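*Asks:* here you go, sequence then predicted model.
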Amino acid sequence: MTAQAIELVRQHLDGIQAVDELDSAQREKYRTRIKQLLKARNAVLVAHYYTDPEIQSLAEETGGCVADSLEMARFGKEHPASTLVVAGVRFMGETAKILSPEKRILMPTLEATCSLDLGCPADEFSAFCDQHPDRTVVVYANTSAAVKARADWVVTSSIAVELIEHLDRQGEKILWAPDRHLGDYVARQTGADVLCWDSACIVHEEFKARGVLELKEAWPDAAVLVHPESPAAMVDIADVVGSTSQLIKAAVELPNQTFIVATDRGIFYKMQQLAPGKRFLEAPTAGSGAECRSCAHCPWMAMNGLENMCTVLESDDGAGQEVFVDPAMAEQALVPLNRMLEFGKSLKR
C-alpha cells in the first residue's frame, strides 16, 4: 500500500465515531420508528452481513435484504422502492446509486468507508493502469466509483474465480485491484496472469494461521471457514474458502458442529440463524499475549446504528447522508458493473 493510502486509512481510523450503546427500551423505540419511516418514505433497508445483528434483523423484518455486496446490488436495482437505505460502507451506497440513478440512496453515515477503497486512490490507480495498457482491468467491488469507472470489469469475491477463469480462457492478462490477498488467491486457483495492486483489508489481513491451528487443538473437529481476503497462510489451512454467502452456505451444509470463522463476526448472525444447533468461533487475529484475541470486526461497518439510521430517515434532506455520484463517472462505472451482474446471472443458468 502506498504511503498516501496508509495515511488515509490511519486518518479515517482516528476519526471514527463509535455508535452509542443503547438499552433495550431505546433499541425498541428506534426500531419501531424506523419501520414507520421506511413505509412513509417508500424506502427499503439493504444491509450487509457485517453490520450489527440489530440492523440485519430490522432489514429482514421490513422486507429488505441482508446479503453480500453482489446480492445487495441486485436487490437494490430490482426493488420498486424509490429510496434505498444502504447499511454497509460507502462503496456499497455508491454502487447502489450507479445502478439505480433514479432512486434516492441514503446511508446511516457516509463516513463508513473501507480500507480497500482508501488503499486504492483513483489517481494513483489510473496511472498504474496506464503503465499496463495490455491488461484487462478487474476491480473488486470494494472500490470507489472513480476506480470502477476506470475498470473493464467489477467483481465480488463470490464470482471472482469464475470470472478470472473466463478471462484467462480468452487469453487475457489481468490487472487486479485492490486486494492483493484475493488477487493472489484467484491467480493460484486459475493459473491466470494476474498483476495485483498492493492493498489489503485491515480486518482479514490480521487473521493468524498459527492461532487457528492452536484453536483447532481445542476443537479438532471444527471446520475452518476463510474469506479469500485473508493471507495465503490462512487460505492454505481452510476447509472452505469463499465469499460471505458461500461461507454461510458451508456452515449450513457441512456436517461439522463447530466452525472457526475467519471473516467479520457480523456474519455470525446469519450463520446462527440458519444453523442454530452449531457452534461458531472467531478465528484469532492476534497472538496469545495480546489483549484482543480476535478483533474480527470492521470499524466502519460498526458505524451503522439504529440512532443514525433513524436520524437520516426523519430528515427531509437525509441529514446530509445522501449518496451522490457524478453522472458522467456513474455512466462509465455502470459498464463494468453491468458486466458483473450479467456474468453473475450466467453462472446461475
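*Replies:* Yep, that arrived.
*Asks:* CA atoms for contacts and neighbours, from now on please.
*Replies:* OK.
*Asks:* stretch 323-330: which residues count as buried?
*Replies:* Using 16 or more other CA atoms under 10 Å as the burial criterion, the residues of stretch 323-330 that qualify are 323, 325, 329-330.
*Asks:* contacts for that stretch, please.
*Replies:* 93-94, 97-98, 104-107, 110, 145-146, 149 (CA atoms under 8 Å, 6 or more residues apart in numbering).
*Asks:* could those go into CSV alongside distance to Asp168 and secondary structure?
*Replies:* Below are the contacts of stretch 323-330 laid out as CSV (distance: CA to CA, whole Å; DSSP: H, G, I helix; E, B strand; the rest coil):
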residue, distance to Asp168, secondary structure
Gly93, 31, helix
Glu94, 29, helix
Lys97, 31, helix
Ile98, 28, helix
Arg104, 38, strand
Ile105, 36, strand
Leu106, 38, strand
Met107, 37, coil
Leu110, 37, coil
Ala145, 25, helix
Ala146, 25, helix
Ala149, 22, helix
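*Asks:* reformat these as a markdown table; add neighbour count.
*Replies:* Formatted as a markdown table, these follow (neighbours: other CA atoms under 10 Å):
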| residue | neighbour count |
| --- | --- |
| Gly93 | 26 |
| Glu94 | 23 |
| Lys97 | 27 |
| Ile98 | 28 |
| Arg104 | 18 |
| Ile105 | 25 |
| Leu106 | 29 |
| Met107 | 29 |
| Leu110 | 19 |
| Ala145 | 26 |
| Ala146 | 19 |
| Ala149 | 23 |
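*Asks:* between those residues, which is nearest Glu162?
*Replies:* Nearest to Glu162, judged by CA to CA, of the contacts of stretch 323-330 is Ala149 at 21.9 Å.
*Asks:* number of nearby residues for the nearest residue to that closest one once chain neighbours are set aside?
*Replies:* Sequence neighbours aside, Ala333 is the residue nearest to Ala149 in space, at 3.8 Å (criterion: CA to CA, 6 or more residues apart in numbering). Using other CA atoms under 10 Å, Ala333 has 25 neighbouring residues.
*Asks:* so who does Ala333 touch?
*Replies:* Applying CA under 8 Å, 6+ apart to Ala333 gives the contacts 98, 145-146, 148-151.
*Asks:* distance check, Arg169 against Thr190.
*Replies:* For Arg169, the distance to Thr190 (CA to CA, to the nearest Å) stands at 10 Å.
*Asks:* quick one: which of these two has more around it?
*Replies:* A direct count of neighbours by other CA under 10 Å for Arg169 and Thr190 places Thr190 higher, at 17 against 11.
*Asks:* what's the helix or strand for the closest residue to that one other than its chain neighbours?
*Replies:* With sequence-adjacent residues excluded and distances taken as CA to CA, 6+ apart, Thr190 is closest to Glu165, at 5.7 Å. Counting by DSSP states H and E, the element that carries Glu165 is helix 160-169.
*Asks:* output that helix as CSV, restricted to C-alpha atoms.
*Replies:* Taking C-alpha atoms only, helix 160-169 is exported to CSV below (Å, rounded to 0.1, in the frame of the first residue of the first chain):
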residue,chain,number,x,y,z
ALA,A,160,-14.0,-13.8,-8.7
VAL,A,161,-12.5,-17.2,-9.5
GLU,A,162,-15.1,-17.9,-12.2
LEU,A,163,-14.6,-14.5,-13.9
ILE,A,164,-10.8,-14.8,-13.9
GLU,A,165,-11.1,-18.3,-15.4
HIS,A,166,-13.4,-16.9,-18.1
LEU,A,167,-11.0,-14.1,-19.0
ASP,A,168,-8.0,-16.4,-18.9
ARG,A,169,-9.7,-18.7,-21.4
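*Asks:* quick one: name whatever helix or strand follows it.
*Replies:* Moving toward the C-terminus from helix 160-169, the next element (DSSP H and E) is strand 174-177.
*Asks:* quick one: contacts of that following strand?
*Replies:* By CA under 8 Å, 6+ apart, strand 174-177 touches 120, 129, 132, 135-140, 164, 183, 192-199.
*Asks:* okay, domains of this protein per the record?
*Replies:* Domain ranges of the chain: 3-113+300-325, 116-202+331-348, 204-282, per automatic domain parsing.
*Asks:* need those domains in TSV with mean pLDDT, can you?
*Replies:* As requested, the domains of the chain are exported to TSV (pLDDT from 0 to 100):
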stretch	mean pLDDT
domain 3-113+300-325	90
domain 116-202+331-348	95
domain 204-282	96
